[in-house]
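Peer 1: Kindly generate the corresponding structure for this input.
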Amino acid sequence: MDKMFCMQCEQTAGGKACTNAGVCGKTANTARLQDELTGALITAARKGVAIEDKLLLEALFATLTNVNFDDAALGKLTARVGQPFYNMYKVRDADEDTRSLKTLLLLGVRGVAAYAYHALELNYNVTEITAFIRKALSAIGEDGYRLNELLPFVMECGKVNLAALELLDKANTETFGNPVPTTVSRAIEPGAFIVVSGHDLRDLKLLLEQTEGKGVNVYTHGEMLPAHSYPELKKYAHLKGNFGTAWQNQQKEFDGVPAAFLFTTNCLMPPKASYADRVFTTAAVAYPGLVHIGADKNFTPVINKALALGGCKEPQGGGTFTTGFGHNAVLAVADTVIGAVKSGAIKHFFLVGGCDGAKPGRNYFTDFVKQTPGDTVILTLACGKFRFNDLDLGTIGGLPRILDMGQCNDAYSAIKVALALAEAFNCGVNDLPLTLVVSWYEQKAVSILLTLLYLGIKNIRLGPSLPAFISPNVLNYLVENFSIKPISTANADLAEILG
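Peer 2: Next up, the predicted model:
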């Protein structure tokens with residue numbers, strides 16, 4: 001009850017594992033309950049017990065970092081799974097390389113589940129994805145697998161995650177329209193308001209419908225910023241702008257703000273007592289003492305809290321962000337981009353994105369982008385962009401040099417653009433003037449990394465630190481086969497990349 005073992009995120013204590021309490025804020029008991037939930041899912045998979053797709057995905061989602069801190073809610077999920085616990089310490093007690101690959105597979109599967117969850121919420125079929133998840137969970141519980149037998153599961157996880165990302169892209173664009181480049185205000189207008197964080201566009205749409213005409217403005221936070229670029233969301237006049245920056249700053253940015261806050265997916269930090277009364281959760285997110293909005297999605301308590309608080313009396317903040325450069329928008333001007341490359345106006349593309357976090361070393365990504373030459377383009381996505389998306393680096397061919405492609409959920413856009421460029425130049429992705437500089441924090445970033453490896457993409461620079469769950473032998477395999485490199489300094493890396 002008073003000890004834990006968790007090394008699933010980038011900020012894990014000492015670069016090894018959290019053993020007393022999570023750096024994320026979860027207790028040892030919460031970690032134990034997440035292990036039990038995972039173990040129950042593994043048992044069900046190994047026994048072939050039928051568990052509905054929604055429960056499977058929601059249960060896995062609840063074990064991601066910064067999602068569910070509520071012991072009671074975790075216990076209820078485990079009871080719904082209704083299976084004995086596979087002992088997760090059997091994974092930890094395995095030999096180092098087996099443990100490393102099983103952990104990599106488990107964390108990758110959790111990321112896949114998060115993306116599939118969003119697609120399922122929009123009523124898209126996830127059967128093929130959940131079939132793999134069950135197979136992977138069963139493999140994690142298999143004691144006899146050797147290294148070469150686990151590697152195919154890890155690569156297949158990358159393949160299935162690509163399918164999940166593609167399905168989610170289809171679900172979002174068919175439901176909310178193709179994103180269009182959009183300038184988003186960072187100012188807060190006077191009056192009552194609600195701040196929506198996380199990734200779930202459906203929850204945001206439902207909130208916008210319920211707040212229309214009620215004198216409550218809605219602002220996005222963190223990974224919700226790209227929501228402003230979807231036609232079916234931006235049509236709401238009371239969707240005003242974006243509040244704050246990345247998730248790890250919320251305890252400072254939310255403190256003393258007279259607004260209601262709604263968390264729809266991961267990225268919740270333990271709220272301070274000074275503002276906990278105005279924080280609400282829904283879907284897989286939960287925290288002890290916070291009001292949770294159930295499956296009926298009746299956001300009346302959130303709306304009433306916002307009205308009672310009254311909002312700001314005077315305008316606050318200022319400035320803008322630009323977002324909405326999804327694959328549809330970028331490929332619509334592909335001829336211009338290709339022409340700029342052929343003429344030498346664009347010399348190199350950088351994909352600089354991923355998860356942000358509080359651990360020292362993440363200023364690297366700001367320094368890197370600032371130092372990129374003026375004849376290069378920076379594609380970005382996920383909350384890592386908040387390290388530099390307020391910079392004005394000018395334009396190339398009428399396009400901003402920084403192109404925000406969306407959430408981490410929109411990683412498919414970056415992949416689709418890279419594959420389209422490779423096709424246009426009749427070469428492989430690794431032959432393009434393209435370098436991936438990826439920041440990671442939690443399990444969705446792990447699943448995206450596995451997708452990049454499945455696609456055979458090499459020379460990825462990963463930081464700010466390498467995963468603690470990767471053993472030396474597994475790391476050597478990744479270096480030898482995919483040339484994965486840890487970041488060093490912005491100056492040194494840029495000099496090496498640009499030669």
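Peer 1: Give me the number of neighbouring residues for Ile42.
Peer 2: Ile42: 26 surrounding residues under other Cβ atoms under 10 Å. All C-beta atoms are positioned from the backbone trio N, CA, C, and that covers glycine.
Peer 1: Could you pull out the strands in the stretch 101-250 of the chain for me?
Peer 2: For the stretch 101-250 of the chain, the strands defined by DSSP state E, counting those that start in this stretch cover 182-185, 193-197, 217-220, 239-242.
Peer 1: what mean pLDDT does the first one have?
Peer 2: It stands for strand 182-185. The pLDDT scores in strand 182-185 average 98.
Peer 1: Tell me which strands it pairs with, and in which orientation.
Peer 2: Strand 182-185 has the following sheet partners, assigned by DSSP bridges: strand 320-323 (antiparallel).
Peer 1: Surely Lys421 and Pro433 touch.
Peer 2: Small correction: residue 421 is Leu, not Lys. No: judged on Cβ atoms under 8 Å, Leu421 makes no contact with Pro433 at a distance of 9.2 Å.
Peer 1: any common contacting residues for those two?
Peer 2: Phe349 (Cβ atoms under 8 Å, 6 or more residues apart in numbering).
Peer 1: Those two: who's more crowded?
Peer 2: Shown here are Leu421 and Pro433; by other Cβ under 10 Å, Leu421 has more neighbours (21 against 16).
Peer 1: any low-confidence regions in the stretch 351-499 of the chain?
Peer 2: Along the stretch 351-499 of the chain, the model assigns pLDDT under 70 to no residue.
Peer 1: for it, what spans make up the strands?
Peer 2: Using DSSP E, counting those that start in this stretch, strands in the stretch 351-499 of the chain cover 376-380, 395-396, 399-400, 402-404, 434-439, 461-463, 485-486.
Peer 1: Which residues outside the fourth one are in contact with it?
Peer 2: Contacting residues not belonging to strand 402-404 are listed as 225-226, 321-325, 330, 369, 377-381, 385, 388-389, 391, 393 [Cβ under 8 Å, 6+ apart].
Peer 1: Please apply the same query to the second one.
Peer 2: Residues lying outside strand 395-396 but in contact with it, judged by Cβ under 8 Å, 6+ apart, are 340, 345-346, 374-375, 377, 401.
Peer 1: Send me stretch 470-479 as PDB with only the CA atoms.
Peer 2: The C-alpha coordinates for stretch 470-479 follow below in PDB (Å, rounded to 0.1, in the frame of the first residue of the first chain):
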ATOM      1  CA  ILE A 470      14.300   0.500 -22.400                       C
ATOM      2  CA  SER A 471      17.100  -2.000 -21.500                       C
ATOM      3  CA  PRO A 472      20.600  -1.500 -23.000                       C
ATOM      4  CA  ASN A 473      20.100  -4.500 -25.400                       C
ATOM      5  CA  VAL A 474      16.700  -3.200 -26.600                       C
ATOM      6  CA  LEU A 475      18.200   0.300 -27.000                       C
ATOM      7  CA  ASN A 476      21.100  -1.100 -29.000                       C
ATOM      8  CA  TYR A 477      18.500  -2.900 -31.300                       C
ATOM      9  CA  LEU A 478      16.700   0.400 -31.900                       C
ATOM     10  CA  VAL A 479      19.900   2.300 -32.500                       C
END
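Peer 1: If you count neighbours, what's buried in that stretch?
Peer 2: 470-471, 474, 477-478 (16 or more other Cβ atoms under 10 Å).
Peer 1: Among these, which lie within helices?
Peer 2: Counting by DSSP state H, the part of the buried residues of stretch 470-479 found in helices is 474, 477-478.
Peer 1: For Ala163, state which of the residues you listed is nearest.
Peer 2: Closest approach to Ala163 among these (Cβ to Cβ): Leu478, at 22.2 Å.
Peer 1: how near is the spatially closest residue to the closest one that is not a sequence neighbour to Val438?
Peer 2: Nearest residue to Leu478, sequence neighbours excluded (Cβ to Cβ, 6 or more residues apart in numbering): Ile484, at 4.7 Å. Using Cβ to Cβ, to the nearest Å, Ile484 is found at 10 Å from Val438.
Peer 1: any shared contact partners between the two?
Peer 2: Common neighbours of Ile484 and Val438 (Cβ under 8 Å, 6+ apart) are 460, 462.
Peer 1: what is the mean pLDDT for stretch 315-325?
Peer 2: 96.
Peer 1: again, but for stretch 331-350
Peer 2: The model assigns stretch 331-350 a mean pLDDT of 94.
Peer 1: what's in contact with that stretch?
Peer 2: 330, 368-369, 372-373, 375-379, 396-399, 416-417, 420-421, 424-425, 432-437, 497-498.
Peer 1: Helices of the stretch 1-150 of the chain, residue ranges please.
Peer 2: Ranges of helices within the stretch 1-150 of the chain are 28-47, 53-61, 71-81, 89-92, 96-121, 127-140, 147-176, based on DSSP state H, counting those that start in this stretch.
Peer 1: Pull the contacting residues for the residue nearest the centre of the chain.
Peer 2: With distances taken as Cα atoms, centre = their mean, Cys408 lies nearest the centre of the chain, 4.3 Å away. Counting by Cβ under 8 Å, 6+ apart, Cys408 makes contact with 199, 223, 353-355, 381-383, 444-445, 448.
Peer 1: and with 6 Å instead?
Peer 2: Cys408 sits next to 382, 444 when contact means Cβ atoms under 6 Å, 6 or more residues apart in numbering.
Peer 1: re the thing from before, if I read this right, the residue nearest to Leu478 contacts Lys458, doesn't it?
Peer 2: No: counting by Cβ atoms under 6 Å, Ile484 does not reach Lys458; the two are 8.0 Å apart.
Peer 1: returning to what we had before: would you show me how to pick out the buried ones of the contacts of stretch 331-350 in ChimeraX?
Peer 2: A single ChimeraX command selects the buried members of the contacts of stretch 331-350 (16+ other Cβ under 10 Å):
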select :330,368,369,372,376,377,378,379,396,399,416,417,420,421,424,432,433,434,435,436,437,497
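Peer 1: Skip the chain neighbours and tell me the closest residue to Thr43.
Peer 2: Gln83 (4.2 Å).
Peer 1: how about that neighbour, what does it touch?
Peer 2: So Gln83 contacts 40, 43-44 (Cβ under 6 Å, 6+ apart).
Peer 1: What residues sit buried inside stretch 348-362?
Peer 2: Buried, per 16+ other Cβ under 10 Å, within stretch 348-362: 348-357, 359, 362.
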